[in-house]
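Student: Provided below are the primary sequence and the corresponding predicted coordinates.
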Amino acid sequence: MKEKISIDEFDGKKFKIRFVEEDDNRKAVLTHYLHNYNNGVKDHFQEEATQYLKQIVEYKNEEEKLNILSDSALQQLLFEVEDVPFPTPENYTFKFIDLFAGIGGFRIALQNLGGKCVFTSEWDENAKKTYRANFGETPFGDITKPKTKNYIPKDFDVLCAGFPCQAFSIAGKRGGFEDTRGTLFFDVAEIIKEKKPKAIFLENVKGLKSHDKGKTLETILNVLRNDLGYYVPEPQIMNAKEFGVPQNRERIYIVGFRKDLNIDTFQYPKPLNEKVTFKNVKEKKVVPTKYYLSTQYLQTLKNHKDRHANKGNGFGYQIIEDNEISNSILVGGMGRERNLVIDNRITDYTPSTHIKGEVNREGIRKMTPREWARLQGFPDNFLIPVADASAYKQFGNSVAIPAIQATAEKIIDLIKEKL
């Protein structure tokens, strides 16, 4: 079902935008247009956004129809997208785009450094909901579609992408640009080829380094260096725990600079000399009973761990003490069970959900979505407008903001004279 977009009148004079059902990229076009209303990027979205506004605005009287969109309505629309936890810096110094954006980890990091996001894309609808709640902007959809790529403006400075890893069909080939077709990296490379940003910043799982016996990473570097003409230093494995969050999370970072900038050296940031543990992110108040494991489920986890221990395997649940750091939080699987904690502050053992057995008396619980957010470096004013299941998935999928920001700062320092 297609979505209609309308602007509703309220309080006699004010208006606000209301989305009813899905309709392609209309949400994204309008919010990107409004977010860039006071800078030149607005022109890139203006024609299509204006057409939508003409179609959807309900006017207070005939006189306002002559103005297409009254000043009061426009100001209210601008307020709607700017009155968010993470607005664009007023005096931004560079522009970037956010591909495979998730819930905006890259965006927070680069906005903290004075950046202005001029385009973002993300296909997951629940992630889009979280993104819009925090940034006032709806991401565009599937970046593999030419129509979506056409919305990307020109003249931005940095391309950011936490793209998924896929194998390339490179048997018997040189492993170049054309050999990446059908993969999401190809779409990133295509955008780089077309838009030629000053710098690129890519993030991926640590396993990319050994994926397909190293051929996947070799192909990516060959495309960036030889086909696209970027200076790309050797990628670095970065660990979130070395940048101020208590999570053992290793990811590979790939940075690059357009060769005409004459940048031929890059130093990744050094680890911080800062000791952080789970107690730094632990909830300050008693958490709801729903996060505590049932006796039956806890026994199932113990039995599973014992079976593997008898076979000499180290699989199974794990409890993180307050003075320890967490394992990497994951989208699914054992992400939560590998990061259980003991919290004896519980006072009400009445189950709040349908469980088998009783609430365990050992104080063993899952971490909360807010604790997962903190493990990734998200500030506490970051809104979580989705159910827990989606929140765990979104934070497990996210980048670790402090490590991203430390690396991005090094990138911006090198290109700031070119901005």
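Tutor: Great, that's in hand.

Student: drop to CA atoms for contacts and neighbour counts, all remaining ones
Tutor: Will do.

Student: for the stretch 201-350 of the chain, what spans make up the helices?
Tutor: 215-222, 295-310 (DSSP state H, counting those that start in this stretch).

Student: Mind putting these into JSON lines with distance to I325 and mean neighbour count?
Tutor: As requested, the helices of the stretch 201-350 of the chain are arranged in JSON lines below (distance: least, CA to CA, whole Å; neighbours: other CA atoms under 10 Å):
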{"stretch": "helix 215-222", "distance to I325": "29", "mean neighbour count": "20"}
{"stretch": "helix 295-310", "distance to I325": "21", "mean neighbour count": "14"}
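
Student: Secondary structure element for Q46, which one?
Tutor: Using DSSP states H and E, Q46 sits in helix 42-56.

Student: Flag every buried residue along that helix.
Tutor: Applying a neighbour-count criterion of 16 or more other CA atoms under 10 Å, one finds K42, H44, F45, Q46, A49, T50, Y52, L53, I56 buried in helix 42-56.

Student: Need the max-distance pair from those residues.
Tutor: Between all members of the buried residues of helix 42-56, the longest pairwise span (CA to CA) is found for H44 and I56 and amounts to 20.3 Å.

Student: Which residues are in contact with G114?
Tutor: With contact taken as CA atoms under 8 Å, 6 or more residues apart in numbering, G114 is in contact with P89, N91, Y92, T93, F94.

Student: same thing but at 6 Å, please
Tutor: Contact criterion CA atoms under 6 Å, 6 or more residues apart in numbering gives Y92, T93 as the residues in contact with G114.

Student: Check I364 too.
Tutor: I364 makes contacts with Y292, V341, I342, as judged by CA under 6 Å, 6+ apart.

Student: Excluding chain neighbours, what is closest to the first one?
Tutor: What that stands for is Y292. R365 (4.0 Å; CA to CA, 6 or more residues apart in numbering).

Student: tell me the pLDDT at the one you found?
Tutor: Per-residue pLDDT puts R365 at 96.

Student: before we move on, the earlier item: which of the buried residues of helix 42-56 lies closest to Y231?
Tutor: Relative to Y231, and with distances defined as CA to CA, the nearest of these is H44, at 29.1 Å.

Student: Run through this structure and note the low-pLDDT ranges.
Tutor: 1-24, 55-74, 168-174, 312, 314, 332-334, 419 (pLDDT under 70).

Student: Now with 50, please.
Tutor: 1-22, 58-67, 333 (pLDDT under 50).

Student: Other residues contacting the helix holding Q46?
Tutor: Defining contact as CA under 6 Å, 6+ apart, one finds that helix 42-56 is touched by S6, V29, L30, Y33, N36.

Student: what about the longest strand in this structure?
Tutor: When the chain is parsed with DSSP state E, its longest strand is strand 250-258.

Student: what packs against that one?
Tutor: Helices and strands touching strand 250-258, as assessed by 3 or more CA pairs under 6 Å, 6 or more residues apart in numbering; DSSP states H and E, comprise strand 199-205, strand 230-231, strand 236-239.

Student: any idea which of those strands is most buried?
Tutor: Using mean count of other CA atoms under 10 Å, the stretch among the helices and strands packed on strand 250-258 with the greatest mean number of neighbours is strand 230-231 (a mean of 25).

Student: Report all helices and strands that it contacts.
Tutor: For strand 230-231, the contact count by 3+ CA pairs under 6 Å, 6+ apart identifies strand 250-258 as packing neighbours.

Student: follow-up on the earlier one: backbone dihedrals for the residue nearest to Y292, please?
Tutor: Summarising the backbone geometry of R365 under the convention degrees, to the nearest 10, its torsions are phi -140, psi 170.

Student: Spit out the contact partners of it.
Tutor: R365 makes contact with Y291, Y292, L293, L340, V341 under the criterion CA under 6 Å, 6+ apart.

Student: can you give me the strands for this protein?
Tutor: In the chain, the segments counted as strands under DSSP E are 5-10, 14-19, 94-99, 115-120, 158-161, 199-205, 230-231, 236-239, 250-258, 319-320, 340-342, 364-365.

Student: Quick check: which of those strands is nearest to K147?
Tutor: From the strands of the chain, taking CA to CA, the stretch that ends up closest is strand 115-120, at 13.7 Å.

Student: I'd like to know which elements that closest one is packed against.
Tutor: Taking 3+ CA pairs under 6 Å, 6+ apart as the contact definition, the neighbouring helices and strands of strand 115-120 are strand 94-99.

Student: Run through who's touching the strand it packs on.
Tutor: 115-121, 156-161.

Student: Same list, these, but as TSV with distance to P85 and neighbour count please.
Tutor: As requested, those are exported to TSV (distance: CA to CA, whole Å; neighbours: other CA atoms under 10 Å):
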residue	distance to P85	neighbour count
G115	16	24
K116	15	25
C117	15	25
V118	18	21
F119	18	26
T120	17	27
S121	19	23
F156	24	22
D157	24	23
V158	23	27
L159	23	25
C160	21	23
A161	22	23
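
Student: Now render these as JSON lines, adding distance to F395.
Tutor: Conversion of these to JSON lines gives the following (distance: CA to CA, whole Å):
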{"residue": "G115", "distance to F395": "22"}
{"residue": "K116", "distance to F395": "23"}
{"residue": "C117", "distance to F395": "21"}
{"residue": "V118", "distance to F395": "23"}
{"residue": "F119", "distance to F395": "21"}
{"residue": "T120", "distance to F395": "18"}
{"residue": "S121", "distance to F395": "17"}
{"residue": "F156", "distance to F395": "27"}
{"residue": "D157", "distance to F395": "27"}
{"residue": "V158", "distance to F395": "23"}
{"residue": "L159", "distance to F395": "22"}
{"residue": "C160", "distance to F395": "18"}
{"residue": "A161", "distance to F395": "16"}
